[in-house]
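S.K.: sequence below, structure please.
(one chain, ligands or ions: 1)
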Amino acid sequence: MDVREAIETRRTIFAFTDVPVPHTLLETILSAGIWAPNHHLTEPWTFVIVGQETRRTLAERYAELRLQKKAALDATEEKRASLRAVAYDKFMAIPAIVAVACLQEGDEQRQREDYAAACCAMQNIQLVAWAEGVGVQWSTGPVTLEPATHELLGLDLSRQQIIGFLYIGYPAEVPKARRKPLDEVLKRMP
Ligand SMILES: Cc1cc2nc3c(=O)[nH]c(=O)nc-3n(C[C@H](O)[C@H](O)[C@H](O)COP(=O)(O)O)c2cc1C
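M.R.: This next block holds a predicted model:
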């Protein structure tokens, strides 16, 4: 698959098969991240592969946060217990989870540039994964934002921020693409 095809056919994947992603392939995919363009070569990224024990703690919290959604707040205790169990199982069933943190220190310009570079790393990872037949969902859901999550993953929140979790696995379903045509977002100045 060439770069153009990977860019255009890659989709965010929400449903994975239960086939595990081999560890060496996961590392191959993540290694695409470190080649992202990066002003001043600050290499602001840290990738944390979330193991089973850590994942159980995150899954509890993920499920709790799900219960704070409006529909769940209004539900009966029995329904809430069932929603909690479904959310916990959903998180645990994701074949691989990688947290990506970005250094956020120095002046505003440096922080912007480092965040931009880390986002480029995310897209490198997504594209190389896709070319390998592996799907990714970049998630910035509530659990990624919590100080407790940073602490659990050994990240120093005073210097590093999680910019997303990557949920990684073989796609069970590929959503349809939706984009405006270029003409709608292109301006030509004289
Ligand atoms: C910074 C960023 C954060 C995202 N966070 C989420 C998220 O929390 N949940 C989610 O389902 N998708 C998330 N996505 C994926 C987008 O929803 C997805 O890219 C968009 O729907 C377009 O679909 P496509 O990737 O298949 O083209 C995020 C994407 C980016 C770039």
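
S.K.: does the helix or strand hosting V86 reach the ligand?
M.R.: Here V86, judged by DSSP states H and E, is contained in helix 77-93. No - using Cβ under 6 Å from any ligand atom, helix 77-93 never reaches the ligand; the gap is at least 12.5 Å. Where you see a C-beta, it was placed from the backbone N, CA and C, and this is true even at glycine.

S.K.: next, the buried residues of that helix.
M.R.: 83-84, 87-88, 91 (16 or more other Cβ atoms under 10 Å).

S.K.: stretch 51-61 now?
M.R.: Those would be 54-55, 58-59, 61, for stretch 51-61 by 16+ other Cβ under 10 Å.

S.K.: and V128, how far is that from L157?
M.R.: 29 Å (Cβ to Cβ, to the nearest Å).

S.K.: which other helices and strands does the helix holding V86 contact?
M.R.: helix 52-66, helix 70-73 (3 or more Cβ pairs under 8 Å, 6 or more residues apart in numbering; DSSP states H and E).

S.K.: 6 Å instead, please
M.R.: Here helix 77-93 touches helix 52-66, going by 3 or more Cβ pairs under 6 Å, 6 or more residues apart in numbering; DSSP states H and E.

S.K.: which secondary structure elements does the helix it packs on sit against?
M.R.: For helix 52-66, the elements it packs on are helix 77-93, helix 142-145, judged by 3+ Cβ pairs under 6 Å, 6+ apart.

S.K.: what lies in contact with stretch 84-99?
M.R.: 16, 20-21, 26, 47-50, 59, 62-63, 66-67, 153, 162, 165-169 (Cβ atoms under 6 Å, 6 or more residues apart in numbering).

S.K.: so after the helix ranked longest in the chain, what's the next helix or strand?
M.R.: Longest helix in the chain, counting residues (DSSP state H): helix 108-131. Next helix or strand after helix 108-131 toward the C-terminus (DSSP H and E): strand 135-139.

S.K.: check the offset of the helix holding V86 from the chain's centre.
M.R.: With Cα atoms, centre = their mean, to the nearest Å as the basis, helix 77-93 stands 21 Å off its chain's centre.

S.K.: what's the average pLDDT for it?
M.R.: Averaging pLDDT along helix 77-93 yields 93.

S.K.: ok so, going back, quick one: which of V128 and L157 has more around it?
M.R.: V128 (20 against 15; other Cβ atoms under 10 Å).

S.K.: which residue packs closest to the more buried one, ignoring adjacent ones?
M.R.: Counting by Cβ to Cβ, 6 or more residues apart in numbering, A32 is the residue found nearest to V128 once chain neighbours are left out, at 3.8 Å.

S.K.: what is the burial count for that neighbour?
M.R.: Neighbours of A32 using other Cβ under 10 Å come to 18.

S.K.: pretty sure it contacts I125?
M.R.: Yes - A32 is within contact range of I125, at 5.3 Å (criterion: Cβ atoms under 6 Å).

S.K.: fine by me, thanks again.
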